[in-house]
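Asker: need coordinates for the following:
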Amino acid sequence: MQQERLRALGEMASGIAHDINNSLSPVMLYTGLLLEQKTNLGPDSRRHLETIQRAVSDVAETIARLKEFYRQREPQLTLASVQLNQLAEQVVALTRARWHDVPQQRGIVVQIKTALSPDLPAVLGAESEIREALINLVFNAVDAMPQGGTLTLRTKVSDKKVGVEIADTGTGMDEATRRRCLDPFFTTKGERGTGLGLAMVYGIAQRHNADLKIESELGKGTVIRLTFPAATSAIASPVTSSSKGPILPRLRLLVVDDDPLLLQALCDILEADGHVVVATNGGQAGIDAFQVALGRKEPFAVVITDLGMPYVDGRAVAGAVKAASPSTPVILLTGWGRRLGSKGDVPPHVDCVLSKPPKPVELREGLARCLAAPV
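Answerer: Numbering: from 1, shown residues only. Below you'll find the model as predicted:
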């Protein structure tokens, strides 16, 4: 029954992933553009934009994992050095609206405390996944304190194990609820709950070989502890680059998508880089525009097309482009890009696959790869 529930969850996730990633893409593109172009931003404004960018990336990671979150290890999971103290501080900032602003509107005070162990060893993991787990635990803790209380985020190290825990002074759980709380779709929140938060946390713990322990008692609150193996050797930390990517010549580009907001965002980003962009709404319109341009001897250097479009999808667009001009590169921009790459299911006639939501630098790198330019 549990596996069937998870299979159903995966099917639902596949159905909504495209729309969610389309909606996130303009946010990611415009945030990246502002960070690149607005050099006079104050430190607070830049930090807020970077937080938005990080949050959008995390949502995209969640969508990408939903279908298979219960598997032991996903092929695309990138492991790197993760500093739990730094991650804990990010989580406090990202969840502030939930534990501070929203309760205050109702006259409720949720106090948050951090007790972060100094000189905490790094752990090996996927930063976005661990951050997602902690955010889920903070949200659950706040929900468990409807009249307010204290939420404590604590880290510690013991016996080559690195632990992070979320403790609340809320309603707590009885033994029957505690035993079932990790089951997918089990919730005590009624219509407000999906029953997926703790199941997602458990899946993340499994993929990181981490222990998940829950201590709770009715009326006395809950403590949820994640314990990771400490990294045994030096691991390269993920590099956060401020580079704008490769510098490209002025290009004539065709962009094909059926989402007007995303289409406009792509045009704005590419035109800001100096390219000439022709945007078409839908696959057939894209094919028609490509053929007209060839007839006028005004060919496009690269075609960028969405995958999931009604009637004429990205596969058909790529096939038509290659049939008319085999040398024209085609970039497929899709919410399923990572899965296509990991499964080896890249459609024929496609030279490069980019996942939604893309960053401006990723668009430039994709164009550079297609044109065989150094990245």
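Asker: can you pull out the low-pLDDT segments for the protein?
Answerer: For the chain, the stretches with pLDDT under 70 are 1-15, 18, 62-78, 183-197, 233-243, 336-345, 373-375.
Asker: try it again at 50.
Answerer: Residue ranges of the chain with pLDDT under 50: 67-75, 191-193, 195, 236-242, 337, 341-343, 373-375.
Asker: domain map for it?
Answerer: With domains defined by automatic domain parsing, the chain comprises 71-239, 252-370.
Asker: what is the burial count for Leu371?
Answerer: 15 (other C-beta atoms under 10 Å). For glycine as for every other residue, the C-beta is placed from the backbone atoms N, C-alpha and C.
Asker: can you tell me how far it sits from Val330?
Answerer: To Val330, Leu371 is 12 Å away according to C-beta to C-beta, to the nearest Å.
Asker: for the two, list the residues in contact with both.
Answerer: Listed as contacting both Leu371 and Val330 by C-beta atoms under 8 Å, 6 or more residues apart in numbering are Val302.
Asker: what about the strands in the stretch 251-375 of the chain?
Answerer: 252-257, 276-281, 302-306, 330-334, 352-355 (DSSP state E, counting those that start in this stretch).
Asker: among those, which comes closest to Gln86?
Answerer: Judged by C-beta to C-beta, the one of the strands of the stretch 251-375 of the chain that comes nearest to Gln86 is strand 352-355, at 25.5 Å.
Asker: give me the helices and strands touching the closest one, please.
Answerer: strand 330-334, helix 337-343, helix 360-370 (3 or more C-beta pairs under 8 Å, 6 or more residues apart in numbering; DSSP states H and E).
Asker: Lys322 touches Asp351, doesn't it?
Answerer: No: using C-beta atoms under 8 Å, Lys322 makes no contact with Asp351, being 9.4 Å away.
Asker: return every residue with contacts to both of those two.
Answerer: Val330.
Asker: dump the residue contacts of Ile135.
Answerer: Contacts of Ile135 by C-beta under 8 Å, 6+ apart are Asp58, Val91, Leu94, Thr95.
Asker: correction: Gly366
Answerer: By C-beta under 8 Å, 6+ apart, the contact set of Gly366 is Ile331, Cys352, Leu354, Pro358.
Asker: mind giving me a markdown table with the residues you listed and columns for neighbour count?
Answerer: Listed next are these as a markdown table, based on neighbours: other C-beta atoms under 10 Å:
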| residue | neighbour count |
| --- | --- |
| Ile331 | 24 |
| Cys352 | 19 |
| Leu354 | 21 |
| Pro358 | 27 |
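Asker: ok, of those residues, which one's closest to Leu49?
Answerer: For these, the minimum distance to Leu49 (C-beta to C-beta) is 16.7 Å, reached by Pro358.
Asker: circling back to that earlier point, most neighbours of all the contacts of Ile135, which one?
Answerer: Going by other C-beta under 10 Å, Val91 tops the contacts of Ile135 with 24 neighbours.
Asker: just the element for that residue, please.
Answerer: Val91 is part of helix 84-94 when elements are defined by DSSP states H and E.
Asker: all helices of the chain, in order?
Answerer: For the chain, the helices defined by DSSP state H occupy 2-37, 43-65, 84-94, 96, 102-105, 127-143, 175-180, 197-207, 260-272, 283-295, 314-324, 337-343, 360-370.
Asker: ok, residues contacting the second one?
Answerer: Same thing as helix 43-65. Identification of contacts with helix 43-65 by C-beta under 8 Å, 6+ apart yields 13, 16-17, 20-21, 24, 27-28, 31-32, 34-35, 41, 74, 76, 90, 93-94, 126, 128-129, 131-132, 135, 200, 335, 338-339, 355-357, 359.
Asker: that one versus helix 127-143: what angle between them?
Answerer: 100 degrees (axes from the mean of the first three to the mean of the last three C-alpha atoms, to 10 degrees).
Asker: tell me how far helix 43-65 is from the chain's mean position?
Answerer: In terms of C-alpha atoms, centre = their mean, to the nearest Å, the centre of helix 43-65 is found 8 Å from the chain centre.
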